[in-house]
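J.: Below are the sequence and a predicted model; questions follow.
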Amino acid sequence: MKDMNSAQNNVSDLLKLARKFNSFYLSGLHQGICKPFIVAGHQVGLVRPDVLKYLQRFPEVFRIAGKYVELNPAFRDYKERTTRVADVLQKLRKENEICALKGWRDECFEVSTAFYQESLLEMDRSAICLFGIRNYGVSVTGYLNHPSKGLCIWLQQRSFTKQTWPGKWDCFVSGGLAVGFGILETTIKEAAEEASVEGELVKKLVPAGCVSFYFESERGLFPNTEYVYDLELPLDFVPQNADGEVESFELLTAEECIQRALSPQFKTTSAPVLIDFLIRRGYINPENEPNYRYLVELLHVPLQSIYNWPFTHMVAAAAVNGDDQGIYDDN
């Protein structure tokens, strides 16, 4: 595979990319500067100092202790928590200072201790990253076995008007799990809207597990889990966008997809889906990827158990005190 072994210090380009989309998991999580976010006695996220300064203005909603941030426990139910948090977010949104809220979606995600457990509240999708709340989505890899080019994959270029990652190259189909929608239901909906995959073709969707990673950007913290689906497409199929959120589609060989994913033109948080697919298809394997086992681990970080107050704080404190040796320091 081109340039796979050319990186310095025996760190492949793909492992560098995996470290990038796990930037918070490998670094920020262990710095101890973020405060656990507690709702109804459960840790559901982490709050960075740059967000904390805004929450301090609303002591009737957010109680900020020495080691954590707590949503006022006087809010007893889903509706009240949702309403009180939404009021704060709308006020902050009007001030137009917080980058993440400039991409307000009018689409809510559930906030819970673990997926499929009882939800504690819902929050606009754009604000989830301000609290480091776990979020879930679906991604479909549309592929075909070309008679002369071999394994080929359809990629989409996101619309230049998208609130996030405008104009970047992305997986064939993807979408977040909004309140009230199931996993397969969301997948079918997004496949129809983004690529006009319907009828008998959509019945060929194959569930293929999950990828999970913990990314950080200027917008916030992103502990993401993506439910991945594979879809083998006919040779003559040409995707057509139906919702205005895709600029164009392009069919690339597996190698061209890797090079695209390594470029600044690709949506960083979609790279795990592509890499996972190529590993499962055997295109990326222990023989051509020197950091294969680390790469596989960084596609499945333990997000379901990563929030466990007070254990989270103890791990962070140990790291700050020099008791933690870091992750993958030898590479």
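T.: Perfect, I can see it now. Numbers count the residues shown, from 1 in each chain.
J.: switch to C-alpha atoms for all contacts and neighbour counts from now on
T.: Will do.
J.: Output the helix or strand Gly209 falls within as PDB, restricted to C-alpha atoms.
T.: Element membership for Gly209 (DSSP states H and E) is strand 206-217. Only the C-alpha atoms of strand 206-217 are listed here, as PDB (Å, rounded to 0.1, in the frame of the first residue of the first chain):
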ATOM      1  CA  VAL A 206     -25.800  -5.300   6.300                       C
ATOM      2  CA  PRO A 207     -25.100  -4.200  10.000                       C
ATOM      3  CA  ALA A 208     -21.400  -4.500  10.600                       C
ATOM      4  CA  GLY A 209     -20.800  -3.400  14.200                       C
ATOM      5  CA  CYS A 210     -19.700  -0.100  15.600                       C
ATOM      6  CA  VAL A 211     -16.700   2.200  15.700                       C
ATOM      7  CA  SER A 212     -16.100   4.500  18.700                       C
ATOM      8  CA  PHE A 213     -13.600   7.300  19.200                       C
ATOM      9  CA  TYR A 214     -13.100  10.500  21.200                       C
ATOM     10  CA  PHE A 215     -12.300  13.600  19.200                       C
ATOM     11  CA  GLU A 216     -11.700  17.200  20.200                       C
ATOM     12  CA  SER A 217     -11.800  20.400  18.200                       C
END
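J.: quick one: the helix or strand just after it to strand 206-217, angle?
T.: On the C-terminal side of strand 206-217, the closest following helix or strand by DSSP H and E is strand 220-232. Orientation check (axes from the mean of the first three to the mean of the last three CA atoms, to 10 degrees): strand 220-232 against strand 206-217 gives 160 degrees.
J.: the helices in the stretch 51-200 of the chain, which residues?
T.: 78-95, 183-195, 199-202 (DSSP state H, counting those that start in this stretch).
J.: one step back: what's the strand holding Gly209 packed up against?
T.: helix 13-21, helix 23-26, strand 220-232, helix 271-280, helix 303-306 (3 or more CA pairs under 8 Å, 6 or more residues apart in numbering; DSSP states H and E).
J.: again, only this time at 7 Å
T.: helix 13-21, helix 23-26, strand 220-232 (3 or more CA pairs under 7 Å, 6 or more residues apart in numbering; DSSP states H and E).
J.: Geometrically speaking, which residue is the centre of this structure?
T.: Per CA atoms, centre = their mean, the C-alpha nearest to the average position across the chain is that of Asn224, at 3.3 Å.
J.: how near is it to Leu15?
T.: For Asn224, the distance to Leu15 equals 18 Å [CA to CA, to the nearest Å].
J.: now do Gln163
T.: Going from Gln163 to Leu15 by CA to CA gives 28 Å.
J.: Of those two, give the one with the bigger neighbour count.
T.: When Gln163 and Leu15 are compared for neighbours, Leu15 comes out ahead with 23 against 14, by other CA atoms under 10 Å.
J.: hang on, that one packs against Leu295?
T.: Yes: if you go by CA atoms under 7 Å, Leu15 and Leu295 touch, sitting 5.8 Å apart.
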